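>>> Could you look at this predicted model? Sequence included:
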Amino acid sequence: MNRHLEAFLEVLMAERGAARNTVEAYRADLEDAIGYAARRAGEAAEAMSAATLSAYIGGLTDAGFSPRTAARRLSALRQFHRFLARQGLRADDPTETLDSPAKPALLPHPLREEEVERLIAAAARLPARRAPLAVAVCELLYCSGLRASELVELPVTALREDSPLVVVRGKGGKERLVPISARAREAVAAARAGAKGAETSRWLFPSRGSSGHLTRQTLNNLIEEAALAAGIEPARVSPHVLRHSFASHLLGRGADLRTLQVLLGHADIATTQIYTQVLEERLRALVEEHHPLARA
């Protein structure tokens with residue numbers, strides 16, 4: 001093993017108290033990078049160039065490694081080169097100019113289907129003046145996958161009695177048609193029946209505020225109250241979580257990504273593809289539960 005790498009690992013154990021597994025992980029990552037530099041450019045561990053390290057990190061993705069793995073290896077390289085600088089073995093740090101690999105977008109954890117039902121049932125138990133509106137927004141968010149901004153800005157003309165579709169104006173002013181359930185239509189009708197000024201307002205969910213329509217803050221408050229009443233941690237529930245639950249549950253029941261793209265209003269299918277992790281988790285769980293060797 002390279003003596004500088006050995007000294008670095010000793011510092012990890014002695015000064016930082018790193019666990020043996022952590023030290024071995026650093027060893028494996030750094031030996032891989034050092035070996036690459038030697039093969040590619042004939043560079044020693046203490047003389048790796050920024051160009052070599054950039055090619056190494058970039059090549060990890062091409063080799064099928066995840067962005068998380070590439071980011072972890074870059075972090076190890078940065079710590080190793082800071083050690084070399086402190087020891088006077090290098091005057092520069094070639095990792096300073098390297099960008100961290102982009103990590104995949106993180107999705108919130110969706111609610112389970114039974115939790116959504118509990119949330120809606122709890123919304124109906126809120127004080128009489130708030131219950132109909134709380135039920136309506138929960139039903140509509142979950143059955144349509146609307147963004148919070150799209151829901152609060154729905155005009156009254158978006159929902160027509162003769163059509164099961166809602167016209168939604170999304171990002172960039174682009175319009176799309178989104179089907180909504182009969183349950184959601186009935187909930188919206190019940191909410192409007194008890195809303196002051198609903199007959200004259202141009203908004204589906206009118207308000208006495210300056211905007212004239214339901215605010216996002218009020219929407220968040222309604223969902224938080226429903227979550228508390230349902231015994232669900234409020235931090236786990238939001239308009240975005242209901243949108244994510246809508247997409248996750250559809251995908252889990254067989255919907256394809258192109259359909260989700262249209263329903264969610266994504267301009268690029270790449271945005272929708274982040275939901276493939278939901279499908280991967282479902283397939284993994286399926287194998288672990290039913291494959292005869294999974295529990296061996």
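Alright, I've got the coordinates. Numbering: from 1, shown residues only.
>>> how about the strands in this protein?
Counting by DSSP state E, one finds strands in the chain at the ranges 165-169, 175-179.
>>> Just send those strands back as JSON lines, with distance to residue 198 too.
C-beta coordinates here come from the backbone N, C-alpha and C atoms, glycine included. Supplementary listing: the strands of the chain in JSON lines, determined by distance: least, C-beta to C-beta, whole Å:
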{"stretch": "strand 165-169", "distance to residue 198": "17"}
{"stretch": "strand 175-179", "distance to residue 198": "22"}
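>>> Kindly reformat the ones you listed as TSV containing mean neighbour count.
Shown next, in TSV, are these (neighbours: other C-beta atoms under 10 Å):
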stretch	mean neighbour count
strand 165-169	18
strand 175-179	14
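>>> Please name whichever of those strands is nearest to residue 6.
Counting by C-beta to C-beta, residue 6 lies closest to strand 175-179 out of these; the figure is 59.6 Å.
>>> quick one: low-confidence parts of the stretch 101-250 of the chain?
Counting by pLDDT under 70, the stretch 101-250 of the chain shows low-confidence ranges at 102-107.
>>> for it, what spans make up the helices?
For the stretch 101-250 of the chain, the helices defined by DSSP state H, counting those that start in this stretch cover 113-123, 131-144, 148-152, 182-193, 216-230, 239-252.
>>> Leaving out sequence neighbours, find the closest residue to residue 165.
If the residues on either side of it in the chain are set aside, residue 165 comes closest to residue 177, at 4.5 Å by C-beta to C-beta, 6 or more residues apart in numbering.
>>> show me what contacts the one you found?
For residue 177, the contact set (C-beta atoms under 8 Å, 6 or more residues apart in numbering) comprises 165-168.
>>> Could you rerun that using 10 Å?
Contact analysis of residue 177 by C-beta atoms under 10 Å, 6 or more residues apart in numbering lists 163-168, 262-263.
>>> Adding distance to residue 156, write those residues out as JSON lines.
Putting the contacts of residue 177 into JSON lines (distance: C-beta to C-beta, whole Å) gives the following:
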{"residue": "163", "distance to residue 156": "14"}
{"residue": "164", "distance to residue 156": "17"}
{"residue": "165", "distance to residue 156": "15"}
{"residue": "166", "distance to residue 156": "11"}
{"residue": "167", "distance to residue 156": "11"}
{"residue": "168", "distance to residue 156": "14"}
{"residue": "262", "distance to residue 156": "24"}
{"residue": "263", "distance to residue 156": "22"}
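>>> between those residues, which is nearest residue 153?
For residue 153, the closest of the contacts of residue 177 turns out to be residue 168, at 9.3 Å, with distances computed as C-beta to C-beta.
>>> ok, so what distance separates that closest one from residue 196?
For residue 168, the distance to residue 196 (C-beta to C-beta, to the nearest Å) stands at 25 Å.
>>> ditto for residue 80
With the distance defined as C-beta to C-beta, residue 80 ends up 66 Å from residue 196.
>>> what do you get for residue 89?
For residue 89, the distance to residue 196 under the criterion C-beta to C-beta works out to 74 Å.
>>> Those two: which has the busier surroundings?
The residue with more neighbours, out of residue 89 and residue 196, is residue 89; 14 against 10, by other C-beta atoms under 10 Å.
>>> how much space between the more buried one and residue 41?
Here residue 89 is placed at a distance of 18 Å from residue 41 (C-beta to C-beta).
>>> ok, now residue 127?
The value you get for residue 127 to residue 41, if C-beta to C-beta is used, is 71 Å.
>>> Just want to know which of these two has more residues nearby.
In this comparison of residue 127 against residue 41, neighbours counted by other C-beta under 10 Å, the higher total goes to residue 41 at 14 against 8.
>>> excluding its backbone neighbours, what's nearest the more buried one?
Nearest to residue 41 is residue 52, by C-beta to C-beta, 6+ apart, at 5.0 Å.
>>> Looks like the one you found contacts residue 33 (just checking).
Yes. At 8.9 Å, residue 52 and residue 33 qualify as touching, with contact defined as C-beta atoms under 10 Å.
>>> Which one's more surrounded, the two?
Regarding residue 52 and residue 33, a neighbour count based on other C-beta under 10 Å identifies residue 33 as having more, with 22 against 19.
>>> Need the per-residue pLDDT for that one.
For residue 33, the pLDDT comes out at 94.
>>> how far away is it from residue 97?
Separation of residue 33 from residue 97 (C-beta to C-beta) stands at 16 Å.
>>> List of residues touching the longest helix seen in the chain?
Looking across the chain with DSSP state H, the single longest helix is helix 20-41. When contacts are defined by C-beta under 10 Å, 6+ apart, helix 20-41 is touched by residues 1-2, 4-6, 8-10, 12-13, 16, 18-19, 43-49, 51-53, 55-57, 59-60, 69, 72-77, 79-80.
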